[in-house]
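**Student:** Below are the sequence and a predicted model for it; my questions follow.
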Amino acid sequence: MLAAIASAWALLLGIALIMLGNGLQGTLLGVRATLEGFGTGTTGLVLTGYFAGFMAGSWIVPRLLAKVGHVRVFAALASSASGAALLHTLFVSPLSWGLIRLVTGFSIAGLYVVAESWLNDAATNKTRGQLLSVYMIIMMGGLGGGQLLMNLYDPLGFELFVLVSVLISFALIPITLSAGRAPAFDAPESIGVRALFRASPLGVGGAFLIGIAHSALFAMGPVYATLIGLAVDRLSFFIAAALLGGLILQWPIGWLSDRFDRRKVIVAIAWVATGAALGAGVGGADSYAALIGLTALLGGTSLPLYSLCGAHTNDHLTPRQMVAASATLVLVSGAGLTLGPSIAALAMGLTGPPGMFWSLAAAHGCVGVYGLYRMVRHDPVPLEKQRRYWPVSLRTSPIVQALALREVRDSRDRDLARWSGW
């Protein structure tokens, strides 16, 4: 593990700085938009811009790398993301913030693509699994740490926006100074959404619904917390609790999914997430302890669901189809991500702040119901034919998901070799 970290420490440090800045900015804007009086529905639309830009960046930037080069693309996108953070303090209106969020989402997605392609190039067959594990820990930890930075300054001031800009700018230093030659890179291919849905309806449908849930939680969660009167310190721990829960439960849930019918695990986890969302909606505003505990459980069950849906999809594909399918799942989940904030905002407009949790319960409940329907209609994939689970995030690009799939394939090959040796 230490050798893997040492081989890519600069990349991992740069990624950590990006995650800190991005985590802080996402929460800050939800709080600040509410304090500026944008209105719940308007705020939902503004925050949707990030996810629309992120989806576009995940698809466009890989096609720019061969033409422009990794270092130039990374520098340009980091400068754009850094400058965009400062623009929020100069132009305070829903339209301008929506456009700025679009640029930010595009830039951050591109930064992920470039950093993850360098990570891919740095990984070997021996270190790939270790690097992926460290990368996921840094990603979740950086996002969680970004929430805690909310406590440094008043969200109505300009200082936190400056801090976001500084963190993203500093990410340039370790990555651009340490990265050697530009890695060989091919833009990811994709399978058509219709063809992938025919192969795995639950995997594709679940990825779409989980995209809705994740963006609703992390975009509108700060709005919910502000509306119910949480102080900034309590608000930051509220969002961090969801990320911490996801970090803790990713591997145990994945372990279960490798040993049982994966559809049963998806259904069970989706129903637990539904219950946690309903509980938080009912009692979260009255008890901070209950809100934190239920949000941690919600994040711990919801965040692994995307990886479960991806693994379930791969159970129905050949190894050659899996990498292309990962790119298509990014598109499908990205469509869900763009809808989540507006759906949550609509629910909040109709029922008040708890509407955010009602929308989360509905999304996870639909996953549970659809999973039960698929279990009735079709037999399970035999356990010996299930692919290995590997945790990935909706915030990653097709690059790191392809890297994870290579680790899944190689892990299975190692297991088969071990069994044949016995």
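**Tutor:** Okay, I see it.
**Student:** Okay, now the unreliable bits of the stretch 251-400 of the chain?
**Tutor:** 319-324, 384-400 (pLDDT under 70).
**Student:** let's go with 80 and repeat that
**Tutor:** The stretch 251-400 of the chain contains residues with pLDDT under 80 at 314, 316-330, 379-400.
**Student:** Return the host helix or strand of Ala84 as PDB; C-alpha atoms alone will do.
**Tutor:** Ala84 is part of helix 70-90 when elements are defined by DSSP states H and E. Provided in PDB are the C-alpha atoms of helix 70-90 (Å, rounded to 0.1, in the frame of the first residue of the first chain):
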ATOM      1  CA  HIS A  70      -2.900  16.500 -20.800                       C
ATOM      2  CA  VAL A  71      -0.900  19.300 -19.200                       C
ATOM      3  CA  ARG A  72      -2.500  22.100 -21.200                       C
ATOM      4  CA  VAL A  73      -6.000  20.700 -20.700                       C
ATOM      5  CA  PHE A  74      -5.400  20.300 -17.000                       C
ATOM      6  CA  ALA A  75      -4.000  23.800 -16.600                       C
ATOM      7  CA  ALA A  76      -6.800  25.400 -18.700                       C
ATOM      8  CA  LEU A  77      -9.600  23.600 -16.800                       C
ATOM      9  CA  ALA A  78      -8.000  24.300 -13.400                       C
ATOM     10  CA  SER A  79      -7.800  28.000 -14.200                       C
ATOM     11  CA  SER A  80     -11.400  28.000 -15.400                       C
ATOM     12  CA  ALA A  81     -12.600  26.200 -12.200                       C
ATOM     13  CA  SER A  82     -10.500  28.500 -10.000                       C
ATOM     14  CA  GLY A  83     -11.700  31.700 -11.700                       C
ATOM     15  CA  ALA A  84     -15.400  30.500 -11.800                       C
ATOM     16  CA  ALA A  85     -15.300  30.200  -8.000                       C
ATOM     17  CA  LEU A  86     -14.400  33.900  -7.600                       C
ATOM     18  CA  LEU A  87     -17.000  35.000 -10.100                       C
ATOM     19  CA  HIS A  88     -19.800  33.900  -7.700                       C
ATOM     20  CA  THR A  89     -18.900  36.900  -5.500                       C
ATOM     21  CA  LEU A  90     -19.100  39.400  -8.400                       C
END
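**Student:** buried ones in that helix?
**Tutor:** 70, 73-74, 77-78, 80-85, 87-88 (16 or more other Cβ atoms under 10 Å). For glycine as for every other residue, the C-beta is placed from the backbone atoms N, C-alpha and C.
**Student:** Redo those as TSV? Include pLDDT and distance to Phe51.
**Tutor:** Formatted as TSV, the buried residues of helix 70-90 follow (pLDDT from 0 to 100; distance: Cβ to Cβ, whole Å):
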residue	pLDDT	distance to Phe51
His70	74	25
Val73	83	21
Phe74	83	22
Leu77	90	17
Ala78	89	20
Ser80	93	17
Ala81	93	15
Ser82	93	20
Gly83	94	20
Ala84	95	15
Ala85	94	17
Leu87	95	19
His88	94	17
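**Student:** Closest one of those to Val332?
**Tutor:** Leu77 (24.0 Å; Cβ to Cβ).
**Student:** any idea how far the closest one lies from Gly21?
**Tutor:** 13 Å (Cβ to Cβ, to the nearest Å).
**Student:** Who are the packing partners of the helix or strand just after the helix holding Ala84?
**Tutor:** For helix 70-90, the following helix or strand on the C-terminal side (DSSP H and E) is helix 94-122. The contact analysis (3 or more Cβ pairs under 8 Å, 6 or more residues apart in numbering; DSSP states H and E) places helix 94-122 against helix 9-35, helix 40-68, helix 70-90, helix 128-148, helix 398-421.
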